[in-house]
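> what would the 3D arrangement of this be:
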Amino acid sequence: MTEMGSLISILSAAGVGGIVGGIVTSFLQSWLSRRAALDERRFREKKEAYVNLLNALHRSEVERTPEAALYVGHCRNVCDLVASAAAQRHIDQLFETNPLSDGSPHPQRSKVQADLKVAMRADLGIAVPKGE
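The predicted structure follows:
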């Protein structure tokens, strides 16, 4: 009878443990799934903001219109919402290297642009292509 009681206790404990383990596993899977979805959303938002900023900068440099300049400002504001602190610092540096008053390019502009792209890639978790 004692052995039967021990067996029942072991089976009971295993059943309860199995239920608790199943609940914990379910909560963990749900949390990981939600986190992965949030990470994917953050990636898409950052990527879209960065691509739009780069396109707006190009458009502004080519067209040199007030509308193009305003769109650059809009894209910068969006980047302020989603970019990492490092990327934001590089974006600020980019705007500090706007063309000089005589219209010539700022001497640091190309280096700042390259550094900004590296910061954007790092923020997105994208490896820098070989050769750069």
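> all contacts plus neighbour counts: C-alpha atoms, from now on.
OK.
> so what touches the helix or strand encompassing residue 73?
According to DSSP states H and E, residue 73 maps onto helix 66-82. Contact partners of helix 66-82, identified using C-alpha atoms under 8 Å, 6 or more residues apart in numbering, comprise 42, 45-46, 49-50, 52-53, 56-57, 59-60, 88, 91.
> any regions of the protein where pLDDT drops low?
Scanning the chain for pLDDT under 70 picks out 1-20, 128-132.
> re the thing from before, output the helix holding residue 73 as PDB, nothing but the C-alphas.
What follows is helix 66-82, C-alpha atoms only, in PDB (Å, rounded to 0.1, in the frame of the first residue of the first chain):
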ATOM      1  CA  PRO A  66      11.600  74.700 -50.800                       C
ATOM      2  CA  GLU A  67       9.300  71.700 -51.000                       C
ATOM      3  CA  ALA A  68      12.200  69.300 -51.200                       C
ATOM      4  CA  ALA A  69      13.900  71.000 -48.200                       C
ATOM      5  CA  LEU A  70      10.700  70.800 -46.200                       C
ATOM      6  CA  TYR A  71      10.500  67.000 -47.000                       C
ATOM      7  CA  VAL A  72      14.000  66.600 -45.700                       C
ATOM      8  CA  GLY A  73      12.900  68.200 -42.400                       C
ATOM      9  CA  HIS A  74       9.900  65.900 -42.200                       C
ATOM     10  CA  CYS A  75      12.100  62.800 -42.700                       C
ATOM     11  CA  ARG A  76      14.500  64.100 -40.100                       C
ATOM     12  CA  ASN A  77      11.600  64.400 -37.600                       C
ATOM     13  CA  VAL A  78      10.500  60.800 -38.400                       C
ATOM     14  CA  CYS A  79      14.100  59.600 -37.800                       C
ATOM     15  CA  ASP A  80      14.100  61.500 -34.400                       C
ATOM     16  CA  LEU A  81      11.200  59.100 -33.400                       C
ATOM     17  CA  VAL A  82      12.800  55.800 -34.400                       C
END
